[in-house]
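**Student:** Okay, here's the prediction I keep looking at, along with the sequence it came from:
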Amino acid sequence: MYQKNVTIKLCALIVICIFIAFPLLAGGTKPEEEAMERPAKAEVITITVWDQFGYEGLTAAGPAMDKLVEIYEERNPNIKIERTYVPQPNIRDQLRIAVSGGTEPHMWYTWPAAAVLASYARPGHIIDLTPAANRLGWFNKLPQLIINRNSYKGKLYAYPTEQDYMLIYYNKDIFREVGIQVPKTYKEFHSNCKKLKSAGYIPVAFGNRDKWPATNGLSYFFALMAGRELQEEVWFGDTLWNNPSYVEACKEFLDWVDRGYFPKGFNGIDFGEANSLFMMGDAAMNFTGTWMIEDFVNNATFDLGTFFLPQIKPDLPQATMMGEGSQWSISSRYPKDEQEECIKFLDFLMSEENYKIWIEEGSLVPIVKGGLNWDMFEVSQVIKETFINGDKMAQVNGYDLHTTTPESVTETLYNNLQLMLDKEITPVQFLKAMDDSWKKAKAADEIWVP
């Protein structure tokens with residue numbers, strides 16, 4: 001009986017041992033080993049972002065940005081984009097304070113480029129994007145002028161977007177009423193303005209109480225009457241602001257004042273009020289940029305059109321002011337792996353697959369070398385034609401003055417240009433003031449060098 005019980009117990013023990021050993025013999029693992037070998041869940045990396053994409057007005061790309069963030073997070077579950085909307089008038093100052101205090105986000109979208117961008121690049125607050133641009137093909141996507149404006153001493157420090165051009169908006173209904181056409185020559189433009197005045201219309205809506213609109217206007221005249229080459233001799237060489245071509249361009253701007261093309265008291269009219277004169281039908285044309293095009297297209301109660309001013313000087317081609325609305329930069333304060341995640345996110349944001357979202361849902365036109373294929377997008381024909389025509393001049397278009405000069409020089413530009421248009425100082429006096437300010441900025445190493 002004892003032997004039988006021992007035999008039964010021994011058989012049971014053998015069965016138990018086989019049961020335990022079988023998984024090991026079959027290549028299995030112990031529970032604790034299985035836990036050790038199971039891949040750990042990827043750590044979530046949070047990328048903080050500041051941008052000026054609101055939900056109405058001139059910067060209403062907020063819905064597009066929200067959608068792109070959602071898509072990116074779905075594709076990259078280990079990345080969390082913590083986005084903060086900072087209104088455009090405030091973002092420059094808030095960013096400056098944040099950077100000085102070491103509390104800036106990982107990446108931001110703000111303006112302007114050139115000298116202000118250089119003020120962040122010079123002390124090393126933002127990373128050099130040149131290696132990423134070479135690796136990801138960014139240089140092949142952007143016009144050279146725009147690359148230059150976002151570079152400092154041969155290195156790219158920002159990715160620009162929002163294509164900006166200066167142009168003329170016009171009311172086709174008024175043009176038909178007065179019996180005029182889009183001018184093919186500058187002489188025809190003057191003739192049109194004379195007829196519009198005789199018919200009781202303000203020829204050109206324009207207000208300069210904010211001071212910056214006149215700098216865009218002068219940028220346009222510099223593009224047409226000085227040319228990009230001379231502008232770059234002033235920016236990067238020893239050519240003075242007080243040069244014959246700049247004097248001539250300033251006088252041409254004043255000629256529009258003398259001929260009464262602008263509303264009376266235009267230096268006391270703000271940007272919004274000037275736009276209202278155009279939208280209400282008091283002015284036949286509006287002298288501003290493409291940053292207004294979506295707003296005008298959506299709200300005009302008349303047949304809206306656009307054109308670029310014709311060639312003024314026979315030795316210089318038709319051109320306009322070209323710039324970027326703002327640009328993306330990445331802070332150098334964060335770890336390298338987080339900087340690399342910012343680069344990946346930036347490359348996604350500005351990839352061709354997302355142009356449709358930016359344009360159709362954000363009213364934002366990406367800057368693309370050679371221009372966009374507008375057949376791909378469902379937008380107004382006015383928008384398509386405007387950018388197609390602006391892109392044709394990309395090789396000769398000029399600089400945006402107030403987003404290129406250092407901030408100390410910009411103040412001189414704002415104040416003295418307003419005085420010149422009020423005829424309190426002459427063009428030569430204005431340009432000499434610019435030279436004095438420019439000289440001081442050079443001595444302080446504030447000048448932007450691409």
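**Tutor:** Done, it's in.
**Student:** Could you pull out the helices in the stretch 201-350 of the chain for me?
**Tutor:** Ranges of helices in the stretch 201-350 of the chain, per DSSP state H, counting those that start in this stretch, are 212-225, 227-236, 244-258, 271-279, 293-299, 336-349.
**Student:** would you list those in JSON lines and tack on mean pLDDT and mean neighbour count?
**Tutor:** The C-beta positions use only the backbone N, C-alpha and C, and glycine is treated the same way. JSON lines is the format used below for the helices of the stretch 201-350 of the chain (pLDDT from 0 to 100; neighbours: other CB atoms under 10 Å):
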{"stretch": "helix 212-225", "mean pLDDT": "99", "mean neighbour count": "23"}
{"stretch": "helix 227-236", "mean pLDDT": "97", "mean neighbour count": "17"}
{"stretch": "helix 244-258", "mean pLDDT": "99", "mean neighbour count": "17"}
{"stretch": "helix 271-279", "mean pLDDT": "98", "mean neighbour count": "19"}
{"stretch": "helix 293-299", "mean pLDDT": "95", "mean neighbour count": "17"}
{"stretch": "helix 336-349", "mean pLDDT": "99", "mean neighbour count": "18"}
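**Student:** wait, which of those is closest to Ile180?
**Tutor:** Among these, helix 271-279 comes nearest to Ile180, with 16.3 Å by CB to CB.
**Student:** How far does the closest one sit from its chain's centre?
**Tutor:** 23 Å (CA atoms, centre = their mean, to the nearest Å).
**Student:** What of stretch 56-70?
**Tutor:** Chain-centre distance of stretch 56-70: 14 Å, with CA atoms, centre = their mean.
**Student:** And for stretch 345-364?
**Tutor:** 13 Å.
**Student:** hang on, Leu417 packs against Gln429?
**Tutor:** No. Judged on CB atoms under 8 Å, Leu417 makes no contact with Gln429 at a distance of 11.2 Å.
**Student:** Tell me which of the two has more neighbours.
**Tutor:** More neighbours surround Leu417 than the other of Leu417 and Gln429, with 26 against 14 (other CB atoms under 10 Å).
**Student:** Residue ranges in this protein under the pLDDT threshold?
**Tutor:** 1-41 (pLDDT under 70).
**Student:** per-domain residue ranges of it.
**Tutor:** Domain assignment of the chain by automatic domain parsing yields the ranges 45-162+324-381, 164-322+397-443.
**Student:** how long is the longest one from one end to the other?
**Tutor:** Across its full length, domain 164-322+397-443 reaches 31 Å between end residues, using CA to CA, to the nearest Å.
**Student:** With the shortest one instead?
**Tutor:** With CA to CA as the measure, the first residue of domain 45-162+324-381 is 42 Å from its last.
**Student:** which one is Asp128 nearest to, not counting chain neighbours?
**Tutor:** Ranked by CB to CB, 6 or more residues apart in numbering and with sequence neighbours excluded, the top spatial neighbour of Asp128 is Lys155, at 4.7 Å.
**Student:** Which residue ranges of the stretch 1-150 of the chain form helices?
**Tutor:** Under DSSP H, counting those that start in this stretch, the stretch 1-150 of the chain gives helices at 2-25, 31-37, 62-75, 88-101, 114-121, 130-136, 144-149.
**Student:** Dihedrals phi and psi, Arg176?
**Tutor:** For Arg176, the backbone dihedrals are phi -70, psi -40 (criterion: degrees, to the nearest 10).
**Student:** any idea how far it is from Ala284?
**Tutor:** Per CB to CB, to the nearest Å, Arg176 is found 11 Å from Ala284.
**Student:** re earlier: now the residue nearest to Asp128: how far from Ala118?
**Tutor:** Separation of Lys155 from Ala118 (CB to CB): 11 Å.
**Student:** These two: who's more crowded?
**Tutor:** Using other CB under 10 Å as the criterion, Lys155 and Ala118 rank with Ala118 on top: 21 against 14.
**Student:** residue contacts, the more buried one?
**Tutor:** Tyr152, Tyr157, Trp448, Val449 (CB atoms under 8 Å, 6 or more residues apart in numbering).
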